[in-house]
Every structure is written in C-alpha cells, then in structure tokens.
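Chemist: Sequence first, then the predicted structure:
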Amino acid sequence: MVHRHLKQRLASPLLSRIPFSVFDRMTREFLIIPYYHIVSDSEVLHVKNLYRNKTIRQFKEDLDFLLKHYSPVGLREVLSSIKADRPPLKKIFLLTFDDGFREIYDIIAPILLDKGIPATFFISSGFLDNRELCYQHKASLLAEKMREGMSSKTEGEIRGILMKSGFSISRLSERVLEVDYPRRTVLDRIAQVLLVDFKRYLDEEQPYLTSDQARGLIDRGFAIGAHSIDHPHFVSLSLTEQLQQTLVSVKHIRDHFGLDYGAFAFPHNDAGVSREFFRTIQKSGLIDITFGTRGIADRGRGSHKQRISLENPLLPARRIIAWQSLRRLYKEVSGKGTHLGGDLC
C-alpha cells in the first residue's frame, strides 16, 4: 500500500498535465463512490498520528472538481438503481464518510448542504454517543502523550507491557500505533501507566456523533449506515465474528434511527470476506448494500460496491481519480482485476 501511494505521488505531476477527460474515458465507470474520514483545519489528536486529513479548503476544491465532472446522487438513488438492475446513464458520484466523527455534523454537513450534495455517513455502533473510543484512536492519543516525554520508569513499564504482547520495544510511540485489534487491550494497560483517561477524553472532546446529531443529519436528507461495532480488520476475524460485527451493527443503526434500509461499509477493507459471508447477510434481510475500499481499479458488482479514498494519499481528487483510472486500465489489460464473490456481488 505504501509503495503504491509512493508511485502515485511520483506520477502526480505528470497526471496533472493530461486532460481529465482522457482518464474519464478509461474507466467506463458511470458511478464512483469517494470516501473520507474527517475534514478539519484544526489538529485532531485522536487521528493526528494515524493519517493526515484534508483541510476545509482542500475538501471544497475536491467537491468543486467532482461537481464539474459528475452529478451527485444519494444512497436511495443508488439502491433504486440496484433494485431495478438499471445502471446509471450519466456520470454520477455517491459521497461517503467513515467513522462517524463529530466533524461530520460541525463542518462537513454544512458545506454539503451549501453545495447541494447528498452523502452517506457510516457509524460504528459501539462509538455512537461517545460510549467507547476506537482502539486506533486510543493509540493516536497514547503516541502523542509518549512523544511529549516520559520518565525512564514509565518507559520501562511500557516496554514490559509491549514485550509480553509480542511487540518490539524500539521506538515505543511507533509500536503503540502498530497495536492491532486482537491485542487492543494492550492500549488500556499503557494508558494506565501514562495516566491517559480515555473516558474523560470522550466526555470532554466528544469525538463521535451523538444520536441527536445523527438524527439531525437524517432530517436534512443525509443517509446513515453501519461501520461495524468497534472497527476491526475483518481479515483477523472468524466468519462468526464477521457476521456479528456486521449484522449487530446494521440492526442497531436501523432500529435506533428507524431506517427502512440497511447499508454497511467494511472498516479498513473487505479483505478476508468470503462468499458464505455475503450469502448469510443477504438472507438476513437487514442489508441492502455493502461497500469496500478497493477503489475504481476493482469493479463493484450488484449491491457490493467499491469506494475510492480521496484523502489517502493526500492529493487533489483529480489526481487520485486519474491514478485510479490508470490502475483500472492496467488491470483490465493484464487480466488482474479481482472481484469478491457471493450473491451480493
């Protein structure tokens, strides 16, 4: 992934010199589904050490580009198209956002309303109303605290915790960011040593959407979907765990907000998800559409759609979509295109 993004950055100046219409014709894709996580001009500590986010100006420039080349549509329009087996007849985009951050309500939604762009926001049910902090967001806070400086005694205690869990003990702040979902309780033990109070952070900073804010978004015409219970990598889960993360979160979001549709976006990506998984969730009757993150280089089929990140790498939307179009062309020519199987695909 890092290597691919490096190549994309190196090719970016060249891509900017080629008319976008050239790349647009390459894909023959009438629907693109961009996604973001957060937009802010301020430093957001719980994501600071995970990735860089776009500023408000960069975000608005992306939107202006999308509006110039595509027409915005909402989730219901996409669901209707799937149900009728009717592909779009013009270039359209469905805008999506993951992780349910508070900035969706404070910053993003007002911009979208001003520009007349619908969007779908995916929320992890366990984080709604700031009940719990995602393990990766905990890691970002801990890394920030560690970089402020620690006593030798504190460093020793943290090294001991990491060693017992199988981590290297060099560059402690970087090791903390490598803590994965199965070993996430390590972060709580380190927080005790560093005197970092996650509950206090949740109460004071309110990093995620509240139910009232989400209802306000729905009232303004936006769509809400599920993003798992607590944001694991699905490849690290058993089939039973994958199904629980999906079905429980979708049911909670549907019931809590009285929705007549079910949408699910895989946290991280859809790697490690089987045909049996898709067959099972289809039989549940809870889910109308699912989303991966493989970009437009991989075609989505039926009601399983692939999305394109417009924030990783941190380049203008034009260059990201142009690069994705080149990858799509390469995969089609080389025969290396991939699809997930299953009845939803």
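Modeler: Ah, there it is.
Chemist: I'd like the average pLDDT over stretch 225-235.
Modeler: Confidence for stretch 225-235, expressed as mean pLDDT, is 98.
Chemist: That one: how far from the chain's middle?
Modeler: Chain-centre distance of stretch 225-235: 10 Å, with C-alpha atoms, centre = their mean, to the nearest Å.
Chemist: can I get the CA coordinates of it in PDB?
Modeler: Output for stretch 225-235, consisting of C-alpha atoms alone and laid out as PDB, is shown next (Å, rounded to 0.1, in the frame of the first residue of the first chain):
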ATOM      1  CA  GLY A 225     -25.100   3.400   7.500                       C
ATOM      2  CA  ALA A 226     -23.200   1.000   9.800                       C
ATOM      3  CA  HIS A 227     -19.500   0.600  10.000                       C
ATOM      4  CA  SER A 228     -19.200  -2.500  12.300                       C
ATOM      5  CA  ILE A 229     -19.400  -2.500  16.100                       C
ATOM      6  CA  ASP A 230     -15.900  -1.400  17.000                       C
ATOM      7  CA  HIS A 231     -13.900  -1.200  13.800                       C
ATOM      8  CA  PRO A 232     -11.800  -4.400  13.500                       C
ATOM      9  CA  HIS A 233      -9.900  -5.600  10.500                       C
ATOM     10  CA  PHE A 234     -12.300  -8.300   9.100                       C
ATOM     11  CA  VAL A 235      -9.400 -10.400   7.900                       C
END
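Chemist: By mean pLDDT, flag the weakest helix or strand of the chain.
Modeler: Sorted by mean pLDDT, DSSP states H and E, the helices and strands of the chain end with helix 2-15, the least confident at a mean of 54.
Chemist: if I pick Leu63, what's in contact with it?
Modeler: Residues in contact with Leu63 (C-beta atoms under 8 Å, 6 or more residues apart in numbering) are Ile111, Leu112, Lys115, Ile117. All C-beta spots, glycine's among them, are computed from the backbone N, C-alpha and C.
Chemist: Quick check: the gap between it and Val39.
Modeler: Taking C-beta to C-beta, to the nearest Å as the measure, Leu63 falls 10 Å from Val39.
Chemist: how close does the residue nearest in space to the middle of the chain get to Glu148?
Modeler: For the chain, the residue sitting closest to the mean C-alpha position, by C-alpha atoms, centre = their mean, is Asp98 at 4.0 Å. Using C-beta to C-beta, Asp98 is found at 29 Å from Glu148.
Chemist: do Gly295 as well
Modeler: To Glu148, Gly295 is 37 Å away according to C-beta to C-beta.
Chemist: Show me the strands in this structure, by range?
Modeler: 31-32, 34-36, 71-72, 92-93, 95-97, 119-123, 223-226, 263-265, 289-292, 304-306, 308-309 (DSSP state E).
Chemist: who touches the last one?
Modeler: By C-beta under 8 Å, 6+ apart, the surrounding residues in contact with strand 308-309 are Ile32, Ile33, Pro34, Tyr35, Tyr36, Thr293, Gly295, Ile296, Ile320, Ile321, Gln324.
Chemist: Between those, which sits nearest Thr210?
Modeler: For Thr210, the nearest member of those is Tyr36. The distance, counting by C-beta to C-beta, is 20.1 Å.
Chemist: what's the burial count for that closest one?
Modeler: Other residues lying near Tyr36 total 23 when counted by other C-beta atoms under 10 Å.
Chemist: ok so, going back, give the residues shared as contacts by Leu63 and Val39.
Modeler: Between them, Leu63 and Val39 share these contacting residues under C-beta under 8 Å, 6+ apart: Ile111.
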